[in-house]
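Engineer: Provide a 3D model corresponding to the input given below.
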Amino acid sequence: MTQATKIRTHRDLDVYKIAFDAAMHIFRLTKHFPKEETYALTDQIRRSARSVCANLAEAWRKRRYQNAFLLKLNDSESEAAETQVWLEFAVSCEYLKAAEARELYATYDKIIGKLVNMINHPDQWVIQK
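Structural biologist: The predicted structure follows:
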């Protein structure tokens, strides 16, 4: 992170913006899932997609403590991977077209890559005392 980069809140992070947009895309797509999936697949994929963003926000606010920061980033990474699993189920159940799911899956690969980069370089993000 350079001085020229002004990141004041979690909303300024590229990874947050991408994850938020992906979660909203999933929300719109899942509106058409069958009613019998309301409390199963629909709920699960929406929760995990949203949790990526929520954990990023928590990580951002915990930057004073490297271990707490890394824990929340790891949680965010796990939720992104979980979302990918639910995408696979949605395709297998024929609720999503494979092409739509592939695009979202690739987006979550990008999100995971950005999170792993943050995890591997916490010194760029943690508030130095």
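Engineer: how many other residues sit next to Asn117?
Structural biologist: 11 (other CB atoms under 10 Å). No exception for glycine: its C-beta is placed from N, CA and C like everyone else's.
Engineer: before we move on, which element is it in?
Structural biologist: Per DSSP states H and E: Asn117 is located in helix 98-120.
Engineer: what's the answer for Phe20, then?
Structural biologist: Secondary structure (DSSP H and E) places Phe20 in helix 14-30.
Engineer: For that helix, list the C-alpha coordinates in PDB.
Structural biologist: C-alpha atoms of helix 14-30 as PDB (Å, rounded to 0.1, in the frame of the first residue of the first chain):
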ATOM      1  CA  ASP A  14     -10.800  -3.400  -4.300                       C
ATOM      2  CA  VAL A  15     -11.400  -6.900  -2.900                       C
ATOM      3  CA  TYR A  16     -14.400  -5.600  -0.900                       C
ATOM      4  CA  LYS A  17     -15.900  -3.900  -4.000                       C
ATOM      5  CA  ILE A  18     -15.500  -7.100  -6.000                       C
ATOM      6  CA  ALA A  19     -17.000  -9.300  -3.300                       C
ATOM      7  CA  PHE A  20     -19.900  -6.900  -2.700                       C
ATOM      8  CA  ASP A  21     -20.800  -6.800  -6.400                       C
ATOM      9  CA  ALA A  22     -20.500 -10.600  -6.600                       C
ATOM     10  CA  ALA A  23     -22.700 -11.100  -3.500                       C
ATOM     11  CA  MET A  24     -25.400  -8.800  -5.000                       C
ATOM     12  CA  HIS A  25     -25.100 -10.800  -8.300                       C
ATOM     13  CA  ILE A  26     -25.700 -14.000  -6.400                       C
ATOM     14  CA  PHE A  27     -28.700 -12.400  -4.600                       C
ATOM     15  CA  ARG A  28     -30.300 -11.500  -7.900                       C
ATOM     16  CA  LEU A  29     -29.600 -14.900  -9.400                       C
ATOM     17  CA  THR A  30     -30.900 -16.800  -6.400                       C
END
